[in-house]
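A.B. asks: Attaching a predicted model along with its sequence, questions to come.
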Amino acid sequence: MNSSLNQINSNYYTLALETSCDETSAAVVLNGRKVLSNIISSQIPVHQKFGGVVPEIASRKHIENVIPVVDEALRQAEVSLKDITAIGVTYGPGLVGALLVGVAAAKALSFASDIPLIGVNHLEGHIFANFLSHSELEPPFMALVVSGGHTSLVYVKDYNNFELVGQTRDDAAGEAFDKVARVMGLPYPGGPYIDQLAAQGNPSAISFPRALSEKGSFEFSFSGLKSAVLNYLNSAAQRGEQINQADVAASFQTAVVDVLVSKALQAAEHYNVNKLVLAGGVAANSMLKNRLESDCTASGIKLYYPSPILCTDNAAMIACRAYYQYQGGKIADLYLNAVPSLKIGQ
Ligand code: KG4
Ligand code: ZN
C-alpha cells in the first residue's frame, strides 16, 4: 500500500505502543475504530513468582519485546511504516521506567519515518477501548474506569473533552482485588481468581464495609474494605478456624461491586446521560458486568463494556485514542516524556 493512495482514500492508519505496566503491546487501527492488529506480549508469568509487578524487570522485558511487537503488529496489519498516519504512545500514568521504553521507541519511529507523534493517557485509552467494541458508540457518556492502579468516574463530553467526576482516595478497586487475593494465597493478578472463587460463595456470608456510600459522593475508598478482609482472615487464622474462601471472595467482591454500581449510576443520572461505559482490567469482572447490566436496564441507561481482550492493557485502545487526538490536532513533539502520575484530561 502506498501513502498517496492512503491519502486519496482518506484511510488513517494509527500505530500505537503500550508499555505502562506489564504488557508490551503494539497495534494498528484503521480510521480509529477498526483493529487490524493488536499484539500483546504479557509479562504476567515473569512477575507471578514475585506476587506482583517488579518495575525494573518490567522495563527490561519491555526493551526486549518492544521492537518485535511493533514488527508483528505491522506484519499482521499488512502495512509498513510508510502507510502509518500517526504514532500513538502511552506516556502515563504508569511505571516510569516501563513508560520510558515505549515513549523512546515511539519517538525514534516518529523521527526516523517523519510520522506525527501522539502522547496518550493510558486511562483515556481504556475508555476508548469501547469505541473499538461498539461501532455505534459516541459521546457524551459517563465512564467508570476500574483498573489495577485507578478507580475513576469520568464524564466524556466529547472525543477530546473530559471531566473527572470522582476517583479513589486510596487503593484502586483492582489493587484491592489483588491484595486480598494475595493474602488468600491466590496467584497474581488476583482479580480473575477472586471472580471465579466468588461464583461458588455466598455474597452475604460476611458483612464487609462500603465506604463513602452517602448519596451524591462520587469519591471511592477501598483501603478500609481491604483491611477489613485482611483482619477477618488474620483473626480466623489466629483462632485456628477454617474459613470458607469462596464466601470471603463473594462477600468482598459484592462490597466492591455495590459501591461501583451505585456511584456509577448516580453519576450518570447526575450528569443526565443515558449511556454508561465500563473500562479497565476490572471491567472483566463477571459480577460487576451482571449487576451493571440489570441496574442500568432498570434505570433506562445503556451499558457498554469492551470485549475481554480490550479490557486488559493493550495498544489498540491507545491507537483509537491517538486517532481522535490526531483529529483534534493534539500532536506531541520529540520532548514528550513519561509522566507516571498523569491525570485524565491533562
Ligand atoms: O487495566 P489493567 O489491565 O491494568 C492496569 O492498568 O492497572 O487492570 C489490571 C487489574 C488487576 O488488578 C486485575 O486483578 C484486575 O484488573 N482484573 C480483575 C478481573 N480481571 C482483571 N478484577 C476483578 N475481576 C476480574 N475478572
Ligand atoms: Zn490499564
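C.D. replies: Okay, I see it. Ligands and ions are numbered 1, 2, ... in the order given.
A.B. asks: Which residue ranges of the stretch 101-250 of the chain form helices?
C.D. replies: 122-133, 173-183, 191-198, 223-238, 245-270 (DSSP state H, counting those that start in this stretch).
A.B. asks: Point out the most buried one among those helices.
C.D. replies: helix 122-133 (a mean of 27; mean count of other CB atoms under 10 Å). Every C-beta, even on glycine, is put in place using the N, C-alpha and C of the backbone.
A.B. asks: could you check whether it is close to ligand 2?
C.D. replies: No. With CB under 5 Å from the ion as the criterion, ligand 2 is not reached by helix 122-133; the gap is at least 5.6 Å.
A.B. asks: mind saving the C-alpha coords of that helix as CSV?
C.D. replies: Extracted C-alpha coordinates of helix 122-133, given in CSV (Å, rounded to 0.1, in the frame of the first residue of the first chain):
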residue,chain,number,x,y,z
HIS,A,122,-3.5,5.2,29.4
LEU,A,123,-6.8,5.8,31.3
GLU,A,124,-8.3,7.6,28.4
GLY,A,125,-7.2,4.7,26.2
HIS,A,126,-9.1,2.3,28.5
ILE,A,127,-12.3,4.4,27.9
PHE,A,128,-11.7,4.5,24.2
ALA,A,129,-11.4,0.6,24.0
ASN,A,130,-15.2,0.8,24.0
PHE,A,131,-15.2,2.6,20.6
LEU,A,132,-13.4,-0.4,19.2
SER,A,133,-16.0,-2.9,20.6
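A.B. asks: Show the average pLDDT along that helix.
C.D. replies: Taken as a whole, helix 122-133 has an average pLDDT of 98.
A.B. asks: Excluding chain neighbours, give the residue nearest to Thr151 in space.
C.D. replies: Thr168 (4.2 Å; CB to CB, 6 or more residues apart in numbering).
A.B. asks: what residues are up against that neighbour?
C.D. replies: 150-152, 219-222 (CB atoms under 8 Å, 6 or more residues apart in numbering).
A.B. asks: Would you check these and say which has the weakest pLDDT?
C.D. replies: Among the contacts of Thr168, His150 has the lowest pLDDT, at 92.
A.B. asks: ok, that one - how many residues close by?
C.D. replies: 22 (other CB atoms under 10 Å).
A.B. asks: Can you verify my assumption that it contacts Gly280?
C.D. replies: Yes. With contact defined as CB atoms under 8 Å, His150 counts as touching Gly280 (6.9 Å).
A.B. asks: Common neighbours of the two, please.
C.D. replies: Shared contacts of His150 and Gly280, counting by CB under 8 Å, 6+ apart, come down to Leu123.
A.B. asks: For this structure, what lies in contact range of ligand 2?
C.D. replies: Going by CB under 5 Å from the ion, the residues of the chain near ligand 2 are 147, 313.
A.B. asks: in the stretch 51-200 of the chain, which segments are predicted with low confidence?
C.D. replies: Counting by pLDDT under 70, the stretch 51-200 of the chain contains no low-confidence range.
A.B. asks: and the residue of it nearest ligand 2?
C.D. replies: Residue of the stretch 51-200 of the chain nearest ligand 2, by CB to the ion: Ser147 (4.3 Å).
A.B. asks: Next one: the residue nearest to that residue when sequence neighbours are not counted from Glu219, what distance?
C.D. replies: Among residues not flanking Ser147 along the chain, Gly280 sits closest, at 3.4 Å (CB to CB, 6+ apart). Here the criterion is CB to CB, to the nearest Å. By it, Gly280 lies 17 Å from Glu219.
A.B. asks: I am finished for the moment; much appreciated.
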